[in-house]
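Colleague: just to be clear, the model below is a prediction. Sequence and coordinates:
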Amino acid sequence: MTTVEPATQPRPQSAAAPSPFPPIAECAFLSNCHTGALVAPDGAIDWLCVPSFDSPSIFGSLLDRQAGFFRFAPFGINHPTSVVYEPGTNVLETTWKTPNGWIVVRDALTMGPRDHEDTITPHTRPPADDDAEHLLVRTVECLEGNVEVELVCEPAFDYGRAPATWALVGDDRHAADATGAGQTVRLQTDLALGIEENRARARHVLGAGDRAYCALSWDEGLVAPQDADEAKAQIDATTRFWRAWLGRARIPDHRFRDPIQRSALTIKGLTYMPTGATVAALTTSLPETPGGERNWDYRYTWIRDTTFTLQALHMLNLDWEADEFMQFVADVEATEDGSLQIMYGIDGRRDLTESTRDDLTGYAGASPVRIGNGAFDQKQNDVFGAALDSILLHTHRSGRLPRRLWPIVESQAECATQVWRNPDQGIWEARGAPQQYVSSKLMCWVALDRAAKLAEIRGDGASQEKWNTVAEEIKQDILDHGVDKRGVLRQHYETDALDASTLLAAIFGFLPGDDERLKASVQAIAEELTEDGFVLRYKTDETDDGLSGKEGTFLICSFWLVSAFAIVGELQQARDLMERLLRVASPLGLYAEEFDAETGRHLGNFPQAFSHLALMEAAGRIILPEMTAEV
């Protein structure tokens, strides 16, 4: 008799499984405020879209090992001795020890004095004194011994679909153009290049004191540095740019100073200077579930990010960046009913139609790879509150309410008034059935509360009274239907499930810090919606989000809990969780969207603006009472 073994359920893929893909948190982030790059631990550029954040990638091996990379590092050595940012910058310095010597590689997406109109990524905002040079510059110096350095540049245009066609430029083998999908970039170096089908390659032995460089240009005329001195000067200028920018920030002398600085540099690096928009993350389709389908394109601007962005920028005294972002919001086109979309392209476009790239394997097999974001036309009722809280923050800071923002106040207050009773997809953009989400109604309350305060500033008493009345109606409805028998805020009206988004009730002042319902809600989330002390958005087995698979803990939600602890007076709990969160930062102080508490790996798109914004908010909630106590 043949024994049939029962079928076993496949085990979920671990975030720590051996993989040719580098751990997300071990990548370094470069930026020129027009686009960004990720540098893998082996010295390869594994992600770069040009000329802007949301352009198709030319190096995309982060999503498919055949989708292009650019390595400049010692031949045959894949593990560096140290990888650090030059202090106060987004310029990377990697030190390598080989059997025969030591080298240092510096990498930067360079910034320099603006001396001509940018035709590559034209500005709608007033250009700053320094701007992107549309160059990736890499230099190497041998410190000791002899080291063989390898350059391998293998672009694959249009997310890996179009391998490069190379042609040498001139007769000295120091420049070559790569073309594909209607795009051309130039590789310039002082090493002797060879063309090997779809890649350009060079090798050279450096002795102590020797230097070399390479640069990739997509600038007008494909301008690039002509020697190592010029390349070094451009990286040095980029270092000065970042330090001068950070020098304008108001960062307190506190133990959280360094993570606040790195978060500020990351948020600035995720800002699209031509329009003032901020992308939610640099990447698309890095998975929230290892090997799963929770893969999204985050290279767009979410309106809900506005209030957290404005809070962070104003807290740091970075008022110019705050104003740029506010002007971007003022410029975007509303929908047919007058409401703002939940997200826009960094150029303000509304159509972000989602497609999948089934020819790509995805990061460690996580598919599909998505380009665009199908949630762009969802109805999410929290968007009105985010927009109006941002305008109120900006108005308080600037001391005036710009004329061009008042129509937005009126339209968003009217939209919130009309829809607050309706179900929606919620803050997490669930792809299941619409529900009466508490956080959505909470943000509608924020919309009407902030609109009333703006009407008061404007001297419009009739609007102030009208919007205050609706705000009170919304508040009472939430307290009547959105609180369970324990006195805890629930996810939506038809469940007692918890949702971390209800922590916004503390952050936006929906209830005072000494309210027992708020305290109970904060403690319930801390005790029942956490894994190893880190906060989940919700429990996927209790929430119909239209997807399969388990999520990691959400870093933004954990930082929200820090803020909420501080607001309800549990300052020591806030400090304890903050210290744990700071310990799980990447080696370079960066955060993805999620943290897998079981394996210690970062999950989701990287680096994630929302995580860094929430870090700064949480740090401020702890620093202020500590400094006040000292006074």
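Modeller: Sure, I can see it.

Colleague: how close does the nearest residue to Q380 once chain neighbours are set aside get to P113?
Modeller: Excluding its sequence neighbours, the residue lying closest to Q380 (C-beta to C-beta, 6 or more residues apart in numbering) is I342, at 4.8 Å. The C-beta positions use only the backbone N, C-alpha and C, and glycine is treated the same way. I342 sits at a distance of 37 Å from P113 (criterion: C-beta to C-beta, to the nearest Å).

Colleague: E465 too?
Modeller: Taking C-beta to C-beta, one finds E465 at 52 Å from P113.

Colleague: before we move on, what about F508?
Modeller: With C-beta to C-beta as the criterion, F508 and P113 are 41 Å apart.

Colleague: ok, those two, which is more surrounded?
Modeller: The neighbour count for F508 versus P113, taken as other C-beta atoms under 10 Å, is higher for F508 (18 against 11).

Colleague: check which helix or strand the closest residue to that one other than its chain neighbours maps to.
Modeller: Closest residue to F508 apart from its sequence neighbours, by C-beta to C-beta, 6+ apart: V446 at 5.1 Å. Per DSSP states H and E, V446 falls inside helix 438-458.

Colleague: tell me the mean pLDDT over that helix?
Modeller: For helix 438-458, the mean pLDDT works out to 95.

Colleague: got it, and stretch 163-180?
Modeller: pLDDT averaged over stretch 163-180 gives 97.

Colleague: so that it lines up with my notes, have the first residue be 104 from now on.
Modeller: Will do, 104 is the new start, and the previous item becomes stretch 266-283.

Colleague: now the end-to-end length of that stretch.
Modeller: 6 Å (C-alpha to C-alpha, to the nearest Å).

Colleague: and the helices in the protein?
Modeller: Counting by DSSP state H, the chain has helices at residues 260-263, 331-350, 360-372, 408-418, 422-434, 486-501, 509-522, 541-561, 564-584, 607-610, 619-631, 658-670, 674-686, 712-733.

Colleague: the first one - contacts with which helices or strands?
Modeller: For helix 260-263, the elements it packs on are strand 160-162, judged by 3 or more C-beta pairs under 8 Å, 6 or more residues apart in numbering; DSSP states H and E.

Colleague: which neighbours in the sheet does the strand it packs on have, and how are they oriented?
Modeller: strand 147-152 (antiparallel) (DSSP bridges).

Colleague: which residues touch the strand it pairs with?
Modeller: 125, 130, 138-143, 158-166, 172-174, 176, 239, 255, 385-386, 402 (C-beta atoms under 8 Å, 6 or more residues apart in numbering).

Colleague: what do you get for stretch 458-477?
Modeller: Taking C-beta under 8 Å, 6+ apart as the rule, stretch 458-477 contacts 116, 120, 122, 124, 127, 163, 165-168, 170, 262-264, 387-390, 392-396, 398-401, 403, 446, 455-457.

Colleague: off-centre distance for that stretch?
Modeller: Put simply, stretch 458-477 sits 19 Å off its chain's centre (C-alpha atoms, centre = their mean, to the nearest Å).

Colleague: ends of it, how far apart?
Modeller: With C-alpha to C-alpha applied, stretch 458-477 spans 8 Å between its terminal residues.

Colleague: name the residues of it that are buried.
Modeller: 460, 463-467, 469-470, 472-476 (16 or more other C-beta atoms under 10 Å).

Colleague: if we can go back for a sec, quick one: buried residues of the helix holding V549?
Modeller: 541-558.

Colleague: can you give me the angle it makes with helix 486-501?
Modeller: 40 degrees (axes from the mean of the first three to the mean of the last three C-alpha atoms, to 10 degrees).

Colleague: mind giving me the packing neighbours of helix 541-561?
Modeller: Partner elements for helix 541-561 (3+ C-beta pairs under 8 Å, 6+ apart): helix 486-501, helix 509-522, helix 564-584, helix 607-610.

Colleague: turn the ones you listed into a markdown table, columns for distance to Y375 and mean neighbour count.
Modeller: What follows is these, written out as a markdown table (distance: least, C-beta to C-beta, whole Å; neighbours: other C-beta atoms under 10 Å):
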| stretch | distance to Y375 | mean neighbour count |
| --- | --- | --- |
| helix 486-501 | 17 | 24 |
| helix 509-522 | 21 | 20 |
| helix 564-584 | 33 | 16 |
| helix 607-610 | 26 | 23 |
